[in-house]
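Trainee: What would the 3D arrangement of this be:
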Amino acid sequence: TVRLTSVPNVVELSGRARAFAEAEIRPQVTGIIKERLFTEGDTVRKGQDLYQIDAAEYAANVRSAEAALARAEATANVARETAARFERLAKINAVSAQEYDQAAATASEAAAEIAIQKAALDRARIDLARTRISSPIAGQIGRSSVTQGALVTQNQAEPLARVQQTDPIYVDLTVSSNRILTWRQQMADGQIATTDGNAIPVNIVLSDESPYPLQGRLEFSEVNVEESAGTVAVRVVVPNPDGMILPGMFVRANFVAGRYENVATLPQSIVTRTPTGDASVMVVDKDNTVQLRIIKVEQNSDNTWTVL
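Mentor: Numbers count the residues shown, from 1 in each chain. Okay, the predicted model is just below:
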């Protein structure tokens, strides 16, 4: 005897794990790698120093900029005093207005020169600080592409190393656009009851078919369809404290997306297929006669078919 019931709409998708955050370490100044300050494969902190570039030239540039600033300040002091003296003399007509204007202009130029030299000093200090290359994020660092003594250049194309944050970790799933349309139509028809606004828990199955012990949560679904494949991306955030899931790993995920209301469930063993591939069952009608009935099945879970 078949009764109508409510059945969760269990969605199972496959995809790959992606790093939660990834940073490519590149030098911002040119120089010789003096020291590598990490061990490949270790977990690094945000702001932790990774490489030291030979800083002698950049330290000299800082000292040169400091000296240029001191010279500009001394010149500006003399120019200001001269302009103030000429201002007093101009009031008693001891100097011409043109001479006073020239002295005032020289004082303004000297003040502007101080600003230029301060900016040059700031730049030199920034370059000196950049000789110590640090990690912008916390995570696990991979192998180093350079060794001590290697010449690196500013903003070079090849990264020195990569840091990946893997706790939590993303799992990017794909679902066909046709399946999305079917779900939305079923929701519009009232066949699927939508879920509330709470985060949807997601169960992860690893590539060796073992269940992952921690649940993830559904983060978002892409608003665009990938034209070449006709798929939509779905992203899941999964806690990964032990690093069991690695970036690039293939996994499967399942979660409940709403519920089917007023549907029948049947054991797989009593559902057969017609020569055209349609699902069918044998039904006893009110006259106690057995009839072949074509049915529409939606999903398979726990060895049962959900009949719409």
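
Trainee: Output the longest helix belonging to this protein.
Mentor: Ranked by number of residues, the top helix in the chain under DSSP state H is helix 56-91.

Trainee: and it, how far from the chain's centre?
Mentor: Its chain's average C-alpha position is 48 Å from that of helix 56-91, according to CA atoms, centre = their mean, to the nearest Å.

Trainee: ok, now stretch 19-37?
Mentor: Taking the mean C-alpha point of stretch 19-37 and that of its whole chain, the gap between them comes to 19 Å (CA atoms, centre = their mean).

Trainee: got the CA positions of it in PDB?
Mentor: As requested, C-alpha coordinates have been extracted for stretch 19-37 and formatted as PDB (Å, rounded to 0.1, in the frame of the first residue of the first chain):
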ATOM      1  CA  ALA A  19      42.300  26.700  -1.600                       C
ATOM      2  CA  PHE A  20      40.300  29.200   0.500                       C
ATOM      3  CA  ALA A  21      42.900  31.800  -0.300                       C
ATOM      4  CA  GLU A  22      46.100  31.600  -2.300                       C
ATOM      5  CA  ALA A  23      49.000  34.000  -2.600                       C
ATOM      6  CA  GLU A  24      51.900  34.000  -5.100                       C
ATOM      7  CA  ILE A  25      55.000  35.300  -3.400                       C
ATOM      8  CA  ARG A  26      56.900  37.800  -5.700                       C
ATOM      9  CA  PRO A  27      59.700  40.300  -5.100                       C
ATOM     10  CA  GLN A  28      58.800  43.900  -5.300                       C
ATOM     11  CA  VAL A  29      62.500  45.000  -5.500                       C
ATOM     12  CA  THR A  30      65.400  43.600  -7.500                       C
ATOM     13  CA  GLY A  31      68.300  41.900  -5.800                       C
ATOM     14  CA  ILE A  32      70.100  38.800  -4.700                       C
ATOM     15  CA  ILE A  33      68.400  36.300  -2.400                       C
ATOM     16  CA  LYS A  34      70.500  36.400   0.800                       C
ATOM     17  CA  GLU A  35      68.500  34.000   2.900                       C
ATOM     18  CA  ARG A  36      65.400  31.800   2.700                       C
ATOM     19  CA  LEU A  37      63.600  32.000   6.100                       C
END
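
Trainee: Quick one: list the elements packing against the longest helix of the chain.
Mentor: Counting contacts by 3 or more CB pairs under 8 Å, 6 or more residues apart in numbering; DSSP states H and E, helix 56-91 packs against helix 97-129. C-betas here are computed from N, CA, C, even on glycine.

Trainee: Many thanks, have a good one.
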